[in-house]
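*Asks:* Have a look; sequence and predicted model below, questions after that.
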Amino acid sequence: MSRIGEIEHVVVLMLENRSFDHMLGSLPGVEGVVSSEGNPRTDLVNHVDPTDPSSPAYSPKLGAQFATPKSQQTAGGRYGGPSHSFPAATEQRFGTQTVEVSGSPTSPYNGAAPHTTPACNSGFVASFVKELERTYRGNGTSLEEQQRKAQEAGEADPVEEVMEVFTADQLPAIHALAQEFCVCDHWHSEVPGPTEPNRLFMHAATSDGLTYNPWQFDVLSIPTIYDRIDAAGRDWAMYGFDLFDSSNFDSLKGRPNAKRTWQEFLLHASGGELPFYSFICPRYADAKEGRANSQHAPHDVRYGDQLIADVYRALRNSPLWNKLLLVVTYDEHGGFYDHVEPPKAVKPDPAVSPNAFMREEARRYHRTYLTSPSYDFDFEQLGFRVPTILASPWIERGTVDSTTYSHTSILRFLEESLKLSPLSARDAAAASFAPRLSRTHARTDCPLELPGPALPASDPELYMQEPPSPKQEEWARRYTTKLSGHSDTGMRTERCFPTNESLSRYIELRNRCDAWACGEDWKAARFEVHPDVKGHWRWRLRDGSGDILAASTDAYADREQAIRALERARFLAHQLGDPVSLDSEGDSESAG
């Protein structure tokens, strides 16, 4: 019997881009990559050429790299680790991105998939090899040369990264959480592809036909689970560090609870003030407060494992613990190997890929690949497995749940809890994990905290002066296009970020500008020109409360001169970047 009625608070932590086998495949008792004796399974293999079983083969390897080496950061350094675009995921599943049917290319999802070894999930190595070849070629070397150097130095073959599997001693928090509560070993992402479509499904039960990351896409007007919760008279909040999923949705713009800080989460947890539904976004860019912890390659996954431990500790020591459910999951597989074939799914709505926006992108920016057969998709297929753990004192210790779930199972649970109508046919058909809340009494033996990983030595004073990783810089350029109130709004900024500090400050500024733009205060603000007591003209800026924020130091002979001076000040404020720091009047010390 489900104890769903005992749950008054649901908390979801969604991390980035890791497959089930990659993160939890070594866990005993799950459908992973080890035998009952704990040894890597010999029946799991990927070939460099999936159609040629005599080509070089790779099998899952216990022990994974915490961070992707810089030399392996693909696509010109912009993306670390394997590719996880929709076409890349198609190749990872079928061994190819398209197939020839009657002389024309078509998606393998439409049938006529090639014969590969193994029959499914055969193209992870083939896809990664292509990424590495492009990367090394751009660096003036080759994959063969790097493999030879690795062999001579006694180091791992670069190709092995895509097949690597973390162990419990490497990532103790997520493994301990899985063993203490319920691990779902058939939880799939919603789309066999990248981050944004899957995160859209997480909040709206559809991606509105998108199979790629629409960084410059206007915010969506589709309904979300937050709208449903609002209508039911219950509360919610989205917590995070720097970048928030709420920026994607029109109905969430300007909502104070759509951008709560990590410190607010800790405060609300300790004070017993968490809302009915809490969603946590990880930290994407390095900051003085800590390193990026999203676990998106190429970044060090240990910081994300520590985030899992921190979230659990905050909730376990909250007065709300006995009324609470924590779900830790990942948006998509990140291109890392998983051996379980993704199942069919219910089509959420009439939308298909490529949708109208993708076609317009292809036309306007000559991105013709977006309308190629490699992007054809009808959304009747789930993505690869991702790690997901359910934690609550109402769940039996050591549970392994092999039910087929996906991210919309979370929405289904919320809808069941509040008796809400579904957002789409996908969440209406999703399996609910409510039966896992099966205990007659809440457990009293739940650990007060999880073991954390051994974090590398890290000095904010040093790393904040280092250049940001290309991936962090790319995130900031793309995610901030949807934030309002800034001269860069609606465009992919071309500003330079020489240090992590400059990038962090830019993200903070964009979030502040977005909050200001979405608020009401600025609508009452105004520029004024006025005569002073001597009859000279000056200008000033008042905020919405009437306080003077800025004023001219010069006096002007007439009103028109004051207006021209004001217009010039407004122009310069719009054009200039970060302020210059001065150590004394007129002496420049440093530029931010």
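*Replies:* Perfect, thanks for sending it.
*Asks:* List phi and psi for residue 278.
*Replies:* Backbone torsions of residue 278, given as degrees, to the nearest 10, read phi -120, psi 130.
*Asks:* what's across from the spatially closest residue to it that is not a sequence neighbour in the sheet?
*Replies:* Distances taken as CB to CB, 6 or more residues apart in numbering put residue 11 closest to residue 278, at 4.5 Å, once the chain neighbours are dropped. Every residue, glycine included, has its C-beta placed from N, CA and C. When assigned by DSSP bridges, residue 11 has beta-bridge partners residue 278, residue 326.
*Asks:* can you pull the contacts of residue 11?
*Replies:* Going by CB atoms under 8 Å, 6 or more residues apart in numbering, residue 11 touches 274, 278-280, 311, 315, 324-327.
*Asks:* let's see 7 Å
*Replies:* Contact analysis of residue 11 by CB atoms under 7 Å, 6 or more residues apart in numbering lists 274, 278, 280, 315, 324, 326.
*Asks:* ditto for residue 466
*Replies:* 499-500.
*Asks:* for it, helix, strand, or coil?
*Replies:* coil (DSSP: H, G, I helix; E, B strand; the rest coil).
*Asks:* Residue 293 versus that one, what's the distance?
*Replies:* 17 Å (CB to CB, to the nearest Å).
*Asks:* still on that earlier bit, so what pLDDT did the residue nearest to residue 278 get?
*Replies:* Looking at residue 11, its pLDDT is 98.
*Asks:* Repeat that for residue 577.
*Replies:* Value for residue 577, per-residue pLDDT: 65.
*Asks:* And for residue 458?
*Replies:* Predicted confidence (pLDDT) for residue 458: 86.
*Asks:* Is it correct that it is in contact with residue 291?
*Replies:* Yes - Residue 458 lies in contact with residue 291 (CB atoms under 7 Å); the separation is 6.1 Å.
*Asks:* between these two, which one's more packed in?
*Replies:* residue 291 (20 against 12; other CB atoms under 10 Å).
*Asks:* With adjacent residues omitted, what lies nearest to that one?
*Replies:* The spatial neighbour of residue 291 that comes closest, neighbours along the chain excluded (CB to CB, 6+ apart), is residue 303 at 4.8 Å.
*Asks:* would you list every one of the strands in the stretch 301-450 of the chain?
*Replies:* 324-330, 389-391, 399-401, 405-406 (DSSP state E, counting those that start in this stretch).
*Asks:* before we move on, back to that, neighbour-wise, which one of the contacts of residue 11 leads?
*Replies:* Going by other CB under 10 Å, residue 274 tops the contacts of residue 11 with 27 neighbours.
*Asks:* could you list every residue that touches it?
*Replies:* 9, 11, 268, 320.
*Asks:* can you check residue 352 too?
*Replies:* 209, 377-379.
*Asks:* 8 Å instead?
*Replies:* By CB under 8 Å, 6+ apart, the neighbours of residue 352 are 209, 376-379.
*Asks:* May I see the ChimeraX selection of the buried members of these?
*Replies:* Those of the contacts of residue 352 that meet the burial criterion (16 or more other CB atoms under 10 Å) are gathered into one ChimeraX selection, given here:
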select :209,376,377,379
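*Asks:* Dump the contacts of residue 352 to CSV, plus distance to residue 340 and pLDDT.
*Replies:* Formatted as CSV, the contacts of residue 352 follow (distance: CB to CB, whole Å; pLDDT from 0 to 100):
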residue, distance to residue 340, pLDDT
209, 26, 95
376, 24, 95
377, 20, 95
378, 21, 96
379, 20, 97
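*Asks:* mind putting the contacts of residue 274 in CSV, distance to residue 242 included?
*Replies:* Shown next, in CSV, are the contacts of residue 274 (distance: CB to CB, whole Å):
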residue, distance to residue 242
9, 24
11, 19
268, 19
320, 26
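*Asks:* Okay, buried residues for stretch 96-111 please.
*Replies:* By 16+ other CB under 10 Å, the buried positions in stretch 96-111 come out as 96-99, 106-109.
*Asks:* one step back: which ones among the contacts of residue 274 are found in helices?
*Replies:* residue 268 (DSSP state H).
*Asks:* closest to residue 531 among the contacts of residue 274?
*Replies:* Using CB to CB, residue 268 comes nearest to residue 531 of those, at 50.8 Å.
*Asks:* Distance check, the closest residue to that closest one other than its chain neighbours against residue 265.
*Replies:* Leaving aside its sequence neighbours, residue 268 sits nearest to residue 274 (CB to CB, 6+ apart; 4.9 Å). Applying CB to CB, the value for residue 274 to residue 265 is 8 Å.
*Asks:* Equivalent analysis for residue 259, please.
*Replies:* Per CB to CB, residue 259 is found 12 Å from residue 265.
*Asks:* ok, now residue 560?
*Replies:* Residue 560 sits 53 Å away from residue 265, going by CB to CB.
*Asks:* repeat for residue 527
*Replies:* 38 Å.
*Asks:* what about those two, which has more around it?
*Replies:* For residue 527 versus residue 265, neighbours defined as other CB under 10 Å are more numerous around residue 265 (23 against 14).
*Asks:* What are the buried residues along the helix or strand harbouring residue 563?
*Replies:* Secondary structure assignment for residue 563, by DSSP states H and E: helix 559-575. Across helix 559-575, burial judged by 16+ other CB under 10 Å covers 561-562, 565-566.
*Asks:* Output it as PDB - backbone C-alpha positions only.
*Replies:* Presented in PDB, the C-alpha positions along helix 559-575 are these (Å, rounded to 0.1, in the frame of the first residue of the first chain):
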ATOM      1  CA  ARG A 559      17.300  72.400 -20.900                       C
ATOM      2  CA  GLU A 560      18.400  71.100 -24.300                       C
ATOM      3  CA  GLN A 561      22.000  70.900 -23.300                       C
ATOM      4  CA  ALA A 562      21.100  68.900 -20.200                       C
ATOM      5  CA  ILE A 563      19.000  66.500 -22.300                       C
ATOM      6  CA  ARG A 564      21.900  66.000 -24.700                       C
ATOM      7  CA  ALA A 565      24.300  65.300 -21.800                       C
ATOM      8  CA  LEU A 566      21.700  62.800 -20.300                       C
ATOM      9  CA  GLU A 567      21.400  61.100 -23.700                       C
ATOM     10  CA  ARG A 568      25.200  60.700 -23.900                       C
ATOM     11  CA  ALA A 569      25.300  59.300 -20.400                       C
ATOM     12  CA  ARG A 570      22.600  56.800 -21.300                       C
ATOM     13  CA  PHE A 571      24.500  55.800 -24.500                       C
ATOM     14  CA  LEU A 572      27.700  55.200 -22.600                       C
ATOM     15  CA  ALA A 573      26.000  53.200 -19.900                       C
ATOM     16  CA  HIS A 574      24.500  51.000 -22.600                       C
ATOM     17  CA  GLN A 575      27.800  50.500 -24.500                       C
END
